[in-house]
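S.K.: missing the sequence, but the structure's below:
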């Protein structure tokens, strides 16, 4: 079956909006098979995601929506499911997330092309070569600023549609975060906003929590403060030492990050201020 | 804040349907705040649930939809949130579900009026009197058939909009199930279709499962085979004897049944063949 | 079946400890049916909970353990399951937790006697009278200090074995928290340490989290910082307004608090510094 | 830190048993850091798993337990954590489970050596060569019996300590199942006992369940009837077509199978009749 055409629309909320959008699809002869819609009450912003049967002409759709965008304030995107987005993975010493992403791309579970791995360390060499992906090693040394610039340049050269920080353990300077706004996903190894920053599992053990978690979020200038895409938790007990929390947490991290990346690639995430709306 | 007007629509799927429905709301001057939509691929049936701001005239909405129903095949309901549905609870010896439902109604979590409790036993007497609800006791004795008829008559007399079997341990004859089709919810104390029928916790213990569950479903003529509204599970271990499974299971039963009843009362459940679509 | 005898033991960890404890039970002719054991690595403290078949003489057990306590440093308790602990519930305006606890005690799910409800408001009057429990109303007015003293005196007069803060919305002064150390359980309506203090659901909505939680913990002088007994979470989405988070959260609060109270009543909780060990 | 010595013990339950076992460890100068114990009430069988600090002489431990085994009926095993168990993976067309296992072994999350992959198809060729593992292809053709014999011979030649059926889609004849009794783990892609046999996701969609699951279990002669080691579920909705259930299910399958294999490799699973006891 041909995958459906995905249309995303953002607009200020107002009467007749859903009707107008549905009318634009109907005007192009399209049949809506799935619609997700959200009105954000804080911003009175409206967003929706439509799946339309692929049998119709894309150009007819584009014309209809362009015409609509002249009549009322509205931004739309018509996504082509045939283009595979380019993705760069950044990682450091811990490799279960990068291994998971590569495994899922190779299995066809994530529809994208991994165009490179960037790391401040060489640990990922084996897993990168296993999948035939180039590893760009950007060591830190004494010049932190230089490393950041080289990191930024490497991303620029690889020109990805999405950057995934898969346990990349260096804090990015705000200008990098900002230049990849909405196109950079990080996995934080705690249930944010609990335990931001370094050593969350040690913090969680110290506090004696009964559940640990992981959070996939868009990167913003504020550390671990960007819009949350996906979260999950696992049950732990007093029997679990910090090392056990790390092991149990790894399972959540890999699944939460994979989910976050998949939702992004399928155009299911829309950000209103600092909150995501997930069309699933 | 005035609660929104809820509209549910069913129709055969077809081009322009969403557009037409949204147009009907717009035509009445209404603003859609929430929409859930589903196309059932097996039946090509379409259903949707709309929440519309309560500021508009209900009669204008009704007119618009009536006009639309003349143009295309379509069934709609406009629900009045001010009428509290009448609910009858049936139970037997085990009382945590009936106690939970009564507690939630008294707290305002379930918007309905409990108009009576019907039981084949007298155990529920105390909990019924605690909440000032009449208990109709219909003992079984030797005449099973007579008990079923008396049960059916009691329901007829109480004239509920919904019957909730809250651990009522008698199997209903098909004719009762059919006459309350879509208006009778049962809690089964297992994760259906695992362990249907009697003694599911003993079966679960014997099989050595690691999770136990509960299922809220509409009652149909086939035992424990009706459309599933809500399910949940809890983790168990080898340390749990049958009595522990019963205790842990009780927690899931009460929350799953409460959820199922709430979804029904809020017009969030639509049945396509033997599957439910939940607009939540 | 007679419920087993529960023995809890604390001691500094050391070789032969388990052997000695098991030997004491064997010396009294007892058969161990369940044992939970924990060594806290930070404190090198050891704790265990034993269930012993009730057929033996309790005095023989006591003698054996007393003799052991003379040979090595060790504190033990032999719990009599026939005495029902006295419990006081404190609450304010929100009543689902108090309603849940009363329902569960009446169903026999929590083995204790509710000897009183204490509140800074009168809202709980109806639920208290429904179960025939006395409500002690201690209004706040202008004299915060006076209210705190009256609250403390009310607890003293009711002489409970356990105080449960079931959404009691006043912050207790440190001296009250300390005087009920290890005998006062609070439900906090967030997944601690995320969102401590006031308005956690509003905070959670603002942050855009995908899961909300609840935490049952012992009360200490530090606000929301005491040892955690039980936690759970529920999935939420962008569709949930603050009011929806409150409603979904209520379901977790009632089950988490009930679990925390049950674990305490069954002598399944042991505190090492600020972490609990749960023998379940 | 040197990993602890793991001792597993099975015996008929009886007074003084825990005391005797703890005494044997103490007699060898060992310090117990963790103990899990279970008495199976149906069989009155007793089992326990001890972790003892690795500083002591293994031979002293063996002597103590051998002496104990002469005094009372008792079977024990002292596991050497330095020997990496040999594991064979069998798979067919679906590869996410085999990919997951290989990824986890390479990351050090599963302490074993994958000595070969056996398949009735060639699909796993790429993933096998990625990790440098030999793939033994045993096609089916017209001679089902011959394929089964070749499969059995391949296992015999590879001489694994454990066989993992990672979505191997052929039903094994009872004699193979029996000859690997307790040493062969299968992942079934449903929450057993719901939906045994073929096409569980299609069955789950047809029934309209709200949760789907996966089950890791030991293989026995009865199809999908062996002792359950691990199970988990994921929430699904009416929006999920069969293909979505397959995708969501894959995430549970990989984690449940990995958990089951890890528990087995760490000697945390003990079977009593058809139920497992998990020491975790």
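M.R.: Thanks, I have it. Since the structure is predicted, the reported quantities are computational estimates derived from the model, not experimental observations.

S.K.: State which helix of chain A is the longest.
M.R.: The longest helix of chain A (DSSP state H) is helix A:242-265.

S.K.: That one near chain D anywhere?
M.R.: Yes. For helix A:242-265, a contact with chain D is found by C-beta under 8 Å from any C-beta of the partner chain, at A:247, A:250-251, A:255, A:258. Bear in mind the C-beta positions are built from the backbone N, C-alpha and C, glycine included.

S.K.: Which SSE is immediately downstream of that helix?
M.R.: As assigned by DSSP states H and E, the chain's next helix or strand after helix A:242-265 is strand A:269-272.

S.K.: contacts for that next one?
M.R.: Identification of contacts with strand A:269-272 by C-beta atoms under 8 Å, 6 or more residues apart in numbering or on different chains yields A:8, A:10, A:38, A:40, A:42-43, A:45, A:47, A:49, A:182, A:218, A:227, A:229, A:263, A:276-279, C:238.

S.K.: Filter those down to just the ones in helices.
M.R.: residue A:263.

S.K.: what about the lowest-mean-pLDDT helix or strand in chain A, near chain B?
M.R.: Between all helices and strands in chain A, the lowest mean by mean pLDDT, DSSP states H and E belongs to strand A:32-40, at a mean of 82. Yes. Judged by C-beta under 8 Å from any C-beta, strand A:32-40 comes into contact with chain B at A:32-35, A:37, A:39.

S.K.: residues of that strand that come out buried?
M.R.: Within strand A:32-40, the residues scored as buried using 16 or more other C-beta atoms under 10 Å in any protein chain shown are A:32-33, A:35-40.

S.K.: same question, stretch A:71-82
M.R.: Buried residues in stretch A:71-82, counted by 16+ other C-beta under 10 Å: A:74, A:76, A:78.

S.K.: Which of these sits closest to residue C:160?
M.R.: Taking C-beta to C-beta as the measure, residue C:160 lies nearest residue A:74 of these, at 61.9 Å.

S.K.: Thought residue A:11 was touching that closest one, still the case?
M.R.: Yes. Assessed by C-beta atoms under 8 Å, residue A:74 is found in contact with residue A:11 at 4.1 Å.

S.K.: From residue A:35, how far off is residue A:44?
M.R.: 20 Å (C-beta to C-beta, to the nearest Å).

S.K.: Kindly apply the preceding question to residue A:204 instead.
M.R.: Using C-beta to C-beta, one gets 40 Å for the distance from residue A:204 to residue A:35.

S.K.: Assess the claim that residue A:95 and residue A:121 are in contact.
M.R.: No. If you go by C-beta under 8 Å, residue A:95 and residue A:121 don't touch, sitting 9.9 Å apart.

S.K.: and the stretch 101-250 of chain A, which of its residues are near chain D?
M.R.: Within the stretch 101-250 of chain A, the positions near chain D by C-beta under 8 Å from any C-beta are A:103-104, A:106-107, A:109, A:126-127, A:130-131, A:239, A:247, A:250.

S.K.: Export those residues to TSV and append columns for distance to residue B:82 and pLDDT.
M.R.: Converted to TSV, these look like this (distance: C-beta to C-beta, whole Å; pLDDT from 0 to 100):
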residue	distance to residue B:82	pLDDT
A:103	55	97
A:104	50	97
A:106	57	97
A:107	53	96
A:109	48	95
A:126	67	97
A:127	62	98
A:130	64	97
A:131	61	97
A:239	53	89
A:247	54	93
A:250	52	96
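
S.K.: thinking again about what came up before, of the contacts of strand A:269-272, buried ones?
M.R.: For the contacts of strand A:269-272, buried by 16+ other C-beta under 10 Å: A:8, A:10, A:38, A:40, A:45, A:47, A:49, A:218, A:227, A:229, A:263, A:276-279, C:238.
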